[in-house]
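J.: got a predicted model here, sequence first, then my questions.
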Amino acid sequence: TLRRDGSITGYQFIYYKNSLLLTQLKYYPLTQLLVIGIFGMIAFLVFNYSKAAEQNKVWVGLAKETAHQLGTPLSSLMAWVEYLKSDEKLKDMEMIVELEKDVERLNMITSRFSNIGSEPILQSTNVYNLIEETMSYLKKRISTRVEFTLVCFPNKDLEANINKPLFEWVIENLCKNAVDAMGGEGKIHIKILKANEGHIIIDISDTGKGISKSGVQKIFQPGFTTKKRGWGLGLTLVKRIIENYHKGKIFVKRSDVNRGTTFRISLKS
């Protein structure tokens, strides 16, 4: 205020921006949305975890029940094989030898299902010998028009921590899928490599019909299959065995429609 004597008393303020309180209120809705988003994300993760846990229980229950159901007929088959082997005329026949191998394979399959849901025992195993043994079994039980090749670099002494029954299951599944994709005629090439940081790489290639780009993204999902008959569970089990039990990785390295597919497995040696 200007007095008569020319002096000034009192002050007036001119604000050039909003007050601190008004500025805080401006960002309050954003803070609210952020908090709501965080709670929503936590709820989503909890739901996914509970759903995955429920699926795991279903897998384990199904596997254990399957192993239990196989036990009785398997015991009977083993007894019949021993009975046939007791006959001097039959015991050396190729049919009996192969039948015994099939019964042993069924016993191994039962063991595989029993291992689902429990902590598998991993042992250092020669990868080349294991895959060669699996291939030898498959060759006599699939189309003769399928050609198998197996190579190993830098040598055949590469070893990895493996549960033999479960890993053989992986190789069988991938090879049988390859045979189906080729229509029972073509080539399956398996290559074993020693990679950096102590990893073993296994590439399984076929000359089949290949997988579309959209199919590659869903190939390991339960229920996804390109077959007219099938449950779409084989590759899901393969992924579970490699990643959950062996702490490795499996993925589609390459797939070209009408040219073939390559699956890559990475294991710790």
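T.: Right, received. Where do you want to start? Numbering: from 1, shown residues only.

J.: CA only for contacts and neighbour counts going forward, please
T.: Fine.

J.: helix, strand or coil for Phe224?
T.: State at Phe224, reduced to three classes by DSSP: H, G, I helix; E, B strand; the rest coil: coil.

J.: where does Asn161 sit: helix, strand or coil?
T.: strand.

J.: that one: neighbour count?
T.: Neighbourhood size, Asn161 [other CA atoms under 10 Å]: 18.

J.: strands of the stretch 51-200 of the chain, residue ranges please.
T.: Counting by DSSP state E, counting those that start in this stretch, one finds strands in the stretch 51-200 of the chain at the ranges 123-126, 146-153, 159-162, 186-194, 199-206.

J.: Asn173 is nearest to which of those?
T.: Nearest of these to Asn173, taken as CA to CA: strand 199-206 at 11.2 Å.

J.: chain center to the helix or strand that the closest one is followed by, what's the gap?
T.: Per DSSP states H and E, the first helix or strand lying C-terminal to strand 199-206 is helix 213-218. Centre-to-centre, helix 213-218 and its host chain are 15 Å apart (CA atoms, centre = their mean, to the nearest Å).

J.: how about helix 213-218: buried residues?
T.: Applying a neighbour-count criterion of 16 or more other CA atoms under 10 Å, one finds nothing buried in helix 213-218.

J.: show the subsequent helix or strand relative to that helix.
T.: Toward the C-terminus from helix 213-218 - assigned by DSSP H and E - lies helix 234-240.

J.: mind giving me the packing neighbours of the helix ranked longest in the chain?
T.: Longest helix of the chain, by residue count under DSSP state H: helix 20-85. Packed against helix 20-85 by the contact rule (3 or more CA pairs under 8 Å, 6 or more residues apart in numbering; DSSP states H and E) you find helix 94-115.

J.: from Ile121, how far off is the closest residue to Tyr128 other than its chain neighbours?
T.: Spatial nearest neighbour of Tyr128, excluding adjacent residues (CA to CA, 6 or more residues apart in numbering): Lys156 at 5.9 Å. According to CA to CA, to the nearest Å, Lys156 stands 23 Å off from Ile121.

J.: got a list of what the residue nearest the centre of the chain touches?
T.: The chain has Lys239 as the residue nearest its centroid, 0.4 Å off, counting by CA atoms, centre = their mean. Residues in contact with Lys239 (CA atoms under 8 Å, 6 or more residues apart in numbering) are 220, 249-250.

J.: which residues does Ala178 contact?
T.: Per CA under 8 Å, 6+ apart, neighbours of Ala178: 188, 205-208.

J.: least confident pick among those?
T.: Minimum pLDDT for the contacts of Ala178 is recorded at Gly208 (92).

J.: what's around that residue, how many residues?
T.: The burial count for Gly208: 25, using other CA under 10 Å.

J.: and if you look at Phe263?
T.: 17.

J.: which one is it nearest to, not counting chain neighbours?
T.: Val252 (4.6 Å).

J.: so the one you found touches Thr262, yeah?
T.: Yes: counting by CA atoms under 8 Å, Thr262 is a contact partner of Val252 at 6.0 Å.

J.: of those two, who's got more company?
T.: Per other CA under 10 Å, whichever of Val252 and Thr262 has more neighbours is Thr262, with 23 against 17.
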